[in-house]
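**Q** quick one, structure for this:
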Amino acid sequence: MDNPGKYCCFICPEKDHKEKLLTALCPTCKNAYGFPLDFPPEAIGRYRIVKSLGRGFYAATFLCEYGNLDTQCVLKVSSKKVYQFFGRNFEDECRKHKEAAQDAEHIVPIVESFEEEVAFGSISLTCYIAVIDYIDGPTLDKFLEIPESASARSLAQIAIDLVSILGEFAIIHKFHNDLHSKNIIIQTLRDGTRRAVAIDLGSVGDYSRSDSCKPRFGDQHWLCRHLQRMINKLRETGNDIDRVDDLDNRIAEALERTLFFYCQGQVL
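**A** Have a look, this model is predicted:
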């Protein structure tokens with residue numbers, strides 16, 4: 001489904017953060033915002049493209065394989081023209097990502113980065129490519145939409161992981177700065193347990209970019225919003241507390257105490 005999102009044209013970057021469809025056409029070049037996903041190359045460097053995954057504002061992502069063992073990874077591909085237009089430093093971003101993911105359990109590792117000419121159908125662009133570990137699983141957003149998967153125990157574990165994500169950034173005195181539910185993958189491990197992993201570290205910085213005058217939330221604010229959504233999930237039977245499972249209610253109360261600790265008067 002073509003859901004609306006914030007996308008920048010790979011060819012004609014503009015400071016336009018309005019939501020739009022991937023099928024919508026850039027007013028300047030008349031190409032669809034999703035054309036990099038619609039016309040993926042067979043390979044980029046040594047990485048064989050398996051399928052298109054999705055788009056963010058700056059980049060398109062692709063599931064890839066490499067080597068004789070068909071090891072899977074994700075390529076995050078961004079137009080160099082877009083980075084230049086917005087004054088972003090690709091090499092600095094990748095180094096900050098590597099630093100954040102070093103020895104971290106809940107931050108996706110970055111493998112390497114490089115620059116290459118990439119052909120999307122008839123359109124050839126100089127692109128920055130970041131090679132990221134592939135984390136198999138739904139986003140937190142999708143996970144919370146699946147009724148049978150969001151048990152009290154699962155939500156409690158995910159809540160602990162979300163707090164751990166903030167802790168792993170705090171250890172190195174950095175902030176994710178874009179920790180919304182589509183940038184958190186819920187990975188299923190071999191023993192059947194789940195783990196929350198932060199992805200898309202393009203906005204990592206030494207300070208929080210949250211601003212009360214702009215619609216950009218800080219990491220702690222996003223944590224509170226995710227906790228509130230999980231609490232609502234546990235109590236979705238309604239206001240009658242007698243209809244809520246005892247374990248669900250106890251976990252919800254624990255999450256509410258955690259939410260109160262981190263919220264500090266923020267309006268969610």
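**Q** what sits against Ala156?
**A** Ile251, Ala254, Leu255 (C-beta atoms under 8 Å, 6 or more residues apart in numbering). Just so you know, the C-beta spots here come from the backbone N, C-alpha and C atoms, and that holds for glycine as well.
**Q** helices or strands next to the helix or strand encompassing the last one in the packing?
**A** The one in question is Leu255. For Leu255, the element it lies in under DSSP states H and E is helix 246-263. If contacts are counted by 3 or more C-beta pairs under 8 Å, 6 or more residues apart in numbering; DSSP states H and E, helix 246-263 sits against helix 152-171, helix 219-234.
**Q** which of those sits most buried?
**A** The highest mean neighbour count among those, using mean count of other C-beta atoms under 10 Å, belongs to helix 219-234: a mean of 20.
**Q** other residues contacting that helix?
**A** With C-beta under 8 Å, 6+ apart as the criterion, helix 219-234 contacts 140, 144, 150, 152, 155, 158-159, 162-163, 166, 169, 175-177, 179-181, 184, 208, 210, 217, 244, 248-249, 251-252, 255-256, 258-259, 262-263, 266, 268.
**Q** ok, stretch 167-184 next?
**A** Here stretch 167-184 has contacts from 96, 99-100, 104-107, 139-141, 144, 162, 165, 196-210, 216-219, 222-223, 226, 229, using C-beta under 8 Å, 6+ apart.
**Q** go ahead and measure how far it is from the middle of the chain.
**A** Here the centre of stretch 167-184 is set off from its chain's centre by 10 Å, with C-alpha atoms, centre = their mean, to the nearest Å.
**Q** ok, and for that stretch, which residues are buried?
**A** Of the residues in stretch 167-184, 168-169, 172, 174-179, 181-184 count as buried by neighbour count, 16 or more other C-beta atoms under 10 Å.
**Q** can I get that stretch in CSV, CA atoms only?
**A** Taking Å, rounded to 0.1, in the frame of the first residue of the first chain, the C-alpha atoms of stretch 167-184 are listed here in CSV:
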residue,chain,number,x,y,z
GLY,A,167,20.8,3.9,27.8
GLU,A,168,23.1,2.7,25.0
PHE,A,169,23.1,6.1,23.4
ALA,A,170,23.5,7.8,26.8
ILE,A,171,26.7,5.8,27.5
ILE,A,172,28.4,7.5,24.5
HIS,A,173,26.6,10.9,25.1
LYS,A,174,24.6,10.8,21.9
PHE,A,175,21.0,11.0,20.8
HIS,A,176,19.2,9.0,18.1
ASN,A,177,16.9,12.0,17.3
ASP,A,178,14.4,10.1,15.2
LEU,A,179,13.2,7.3,17.4
HIS,A,180,9.7,6.9,16.1
SER,A,181,8.0,3.5,15.8
LYS,A,182,9.1,2.9,12.2
ASN,A,183,12.7,3.2,13.2
ILE,A,184,12.5,0.4,15.8
